[in-house]
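> One predicted model, sequence on top.
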Amino acid sequence: MKRRLPWWGWTLAGCGGLALVLVLGVAAVIGWQFIPHRTDYGERCTTTLGMKCERVHPEVIARLTQMRLPAGTTVHESQYDSFQDWRVRARFSVPADRVAEWEQSLAAYPPAGTTDCAELTGEGTDRRCASANDPQQPPIRSYTRVTRPDGSVLVEVEAFTT
């Protein structure tokens with residue numbers, strides 16, 4: 001005579017299986033939050049408590065900093081952070097033949113000056129910068145630019161909301 005599992009044994013096994021599926025499901029959802037993925041803002045983004053992106057798309061940099069990045073612009077570094085507010089930082093090069101086009105897109109900034117500029121040492125000459133810090137017209141944004149010997153311009157830009 002074979003011995004069969006009592007009814008409560010089957011119930012216990014079913015509850016254990018259900019608990020295993022539930023734990024694996026929760027682990028998968030939490031794991032998905034920590035896996036970098038591509039978003040509309042950039043590549044390698046995580047959304048644990050907000051959003052953090054590296055390799056931000058040039059269109060996003062242009063929109064958030066209120067300046068145009070002409071064709072041929074090379075983005076060297078970029079980062080986007082968002083929780084309740086957002087912040088974007090980027091460093092990019094504008095080719096020499098597109099500098100005038102880029103400068104025409106700076107209408108949202110006051111005229112560039114030479115005081116209180118970020119350090120871009122060893123990168124070129126003619127360092128100029130501008131900041132638009134009016135909280136009534138967000139975002140707060142600033143840029144520093146240096147002209148390289150080949151005529152291209154290296155730009156470091158930051159924009160954020162508070």
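Yes, it's here.

> Endpoint to endpoint, stretch 145-162 covers what distance?
24 Å (Cα to Cα, to the nearest Å).

> Quick one: mean pLDDT over it.
For stretch 145-162, mean pLDDT rounds to 90.

> Identify each buried residue in that stretch, please.
In terms of neighbour count (16 or more other Cβ atoms under 10 Å), stretch 145-162 has its buried residues at 145-147, 152-160. Glycine gets a C-beta too; all of them are placed from N, C-alpha and C.

> likewise stretch 83-98?
86-95, 98.

> By pLDDT, give me the weakest of those.
Here the lowest pLDDT out of these sits on residue 86, with 86.

> what sits against the spatially closest residue to that residue that is not a sequence neighbour?
Using Cβ to Cβ, 6 or more residues apart in numbering and skipping the chain neighbours, the partner closest in space to residue 86 is residue 161 (5.8 Å). By Cβ atoms under 8 Å, 6 or more residues apart in numbering, the contact list for residue 161 reads 85-87, 138-140.

> Quickly note the distance from residue 161 to residue 19.
Computed with Cβ to Cβ, to the nearest Å, the distance linking residue 161 and residue 19 is 44 Å.

> hey, what's residue 78 bridged with?
When bridges are called by DSSP bridges, residue 78 pairs up with residue 90.
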